[in-house]
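Asker: Would you be able to build a 3D model of this:
(one chain, ligands or ions: 2)
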Amino acid sequence: MTTPSFVYNSVPQRVVFGAGSLQHLAREIDALGARRALVLSTPEQRLQAERVADMLGAHAAGVFDRAVMHVPIETAREAREVATRLGADCAVAIGGGSTTGLGKAIALDSGLPILAIPTTYAGSEMTPIYGITEAGMKKTGKDFKVLPRTVIYDPELSLGLPVGMSVTSGINAIAHAAEGLYAVDSNPIMDLMAQEGIAALGRALPAIRATPKDPDARSDALYGAWLCGTVLGNVGMALHHKLCHTLGGSFNLPHAETHTIVLPHALAYNAEAAPRAMERIVKALEGSGSAAQAVYDLARDNGAPVALRDIGMKEADLDLACEHALKNQYPNPRPLERAAIRALLQNAWEGVRP
Ligand SMILES: NC(=O)C1=CN([C@@H]2O[C@H](COP(=O)(O)OP(=O)(O)OC[C@H]3O[C@@H](n4cnc5c(N)ncnc54)[C@H](OP(=O)(O)O)[C@@H]3O)[C@@H](O)[C@H]2O)C=CC1
Ligand SMILES: O=C(O)/C=C\C(=O)CC(=O)O
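Answerer: Ligands and ions are numbered 1, 2, ... in the order given. Predicted coordinates for the structure are as follows:
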């Protein structure tokens, strides 16, 4: 065995974790040195955002409830204007990756500190990655200005996340950790987090399916999401994330479901080129077959979709998706081979067990 050699960056970020930890919100805003928080949410989560604003009392600048998936530039501009008009000196994003993403778009422009309160397992709160959609094209970038300064993980807030969304969102998180395990810039610290994060979600998702309001399972899932999101924020992603961005961006497929369906096939593609990563995934999921099969079974057995054709992908578009995936070559354990990637997409479309 060779002695490892790696670079590890740590970033300053404060995490407050635990059931009921939302009660510490005012204290955390104060610790940020902020006086007027703009609370962000989707339209559907407005009541939750109003509850947060009530908790902040005079320190709430207002509620902006128009977060939507993939952060359209028009929404980002509107939110930035509202933040300026209301004199906000920080933003509180309560919701999933879409709401956190809106907070990041504000921070990118203004440097306003973000306090994130995640209610899904997407993991955006742990990354300096932002995404903004303009003229139908989603552009992503990395800037430490957008990394939320404080994250409050309160499992009680995800008790109402529907089981189907919980399972696909949890597998979205697993995808970050799985690709982190074979990243070109991986390191042993991220490997530990990745394996632990996958194991936590592997335990939590079946438990949530059985008992959606199980507090321990919700806590385990959020803990796993935190670890997996940290991996996403620290090391580079590969084929799987590229495919999902292509499918989501060009064919408008839903984010977490697409990750859930594609991941087993991306792992099968990379299996021989990344055997140590695959071993760790199987171990974390207590699987008996391959890593690809363990992830596929986790999805299927918990009621998640396993075929792209079931979430709106047309078979006729698979050739184009393959072309997009081959553009701008990026690091991946196995070189990108046209015929094999086209076959991967076909398998994902049909939903075959890898
Ligand atoms: N930059 C980064 O590092 C990352 C960015 N992302 C981005 O984040 C987005 C995906 O995030 P994701 O969390 O999956 O999507 P959303 O934030 O859109 O949330 C997904 C679904 O969960 C629902 N939901 C969220 N919280 C609750 C709750 N407490 N109770 C009931 N339902 C709830 C939402 O409902 P409703 O719409 O009703 O609120 C929505 O339908 C994508 O745009 C993706 O690109 C994802 C990962 C990392
Ligand atoms: O697209 C973004 O907003 C940035 C990253 C991700 O979405 C990561 C992912 O694919 O889950």
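Asker: going forward, measure contacts between C-alpha atoms and count neighbours the same way
Answerer: OK.
Asker: neighbours around the residue of the stretch 151-300 of the chain found nearest ligand 2, how many?
Answerer: Closest residue of the stretch 151-300 of the chain to ligand 2, C-alpha to the nearest ligand atom: His241 (5.2 Å). Neighbours of His241 under the rule other C-alpha atoms under 10 Å: 20.
Asker: how far away is it from Leu247?
Answerer: 10 Å (C-alpha to C-alpha, to the nearest Å).
Asker: ok, now Glu134?
Answerer: 17 Å.
Asker: Near ligand 2, which residues of the stretch 201-350 of the chain? Just list them.
Answerer: His241 (C-alpha under 6 Å from any ligand atom).
Asker: where do the strands sit along the protein?
Answerer: With DSSP state E as the criterion, the chain has strands at 14-17, 37-40, 60-64, 90-95, 114-118, 129-134, 137-142, 150-153.
Asker: just to revisit the earlier point, which one's more surrounded, Glu134 and Leu247?
Answerer: Taking other C-alpha under 10 Å, Glu134 and Leu247 do not tie; Leu247 has more neighbours (25 against 13).
Asker: what stretches of this structure score poorly on pLDDT?
Answerer: The chain contains residues with pLDDT under 70 at 1.
Asker: Please enumerate the helices of it.
Answerer: Applying DSSP state H to the chain gives helices spanning 25-31, 46-56, 73-85, 97-110, 163-180, 188-210, 215-234, 239-251, 255-270, 275-285, 291-301, 318-326, 338-350.
Asker: Provide the angle between the direction of the fourth one and the direction of helix 255-270.
Answerer: This means helix 97-110. With axes from the mean of the first three to the mean of the last three C-alpha atoms, to 10 degrees applied, the angle from helix 97-110 to helix 255-270 works out at 90 degrees.
Asker: what about helix 97-110 and ligand 1, any contact?
Answerer: Yes. Using C-alpha under 6 Å from any ligand atom, we find that helix 97-110 touches ligand 1 at 97-99.
Asker: Who wins on neighbours among those residues?
Answerer: Within the residues of helix 97-110 next to ligand 1, Thr99 tops the neighbour count with 30 neighbours, counted by other C-alpha under 10 Å.
Asker: what bridges to Pro72?
Answerer: Counting by DSSP bridges, Pro72 is bridged to Thr133.
Asker: okay but it is in contact with Glu134, surely?
Answerer: Yes. The criterion here is C-alpha atoms under 8 Å, and Pro72 meets it with Glu134 at 6.1 Å.
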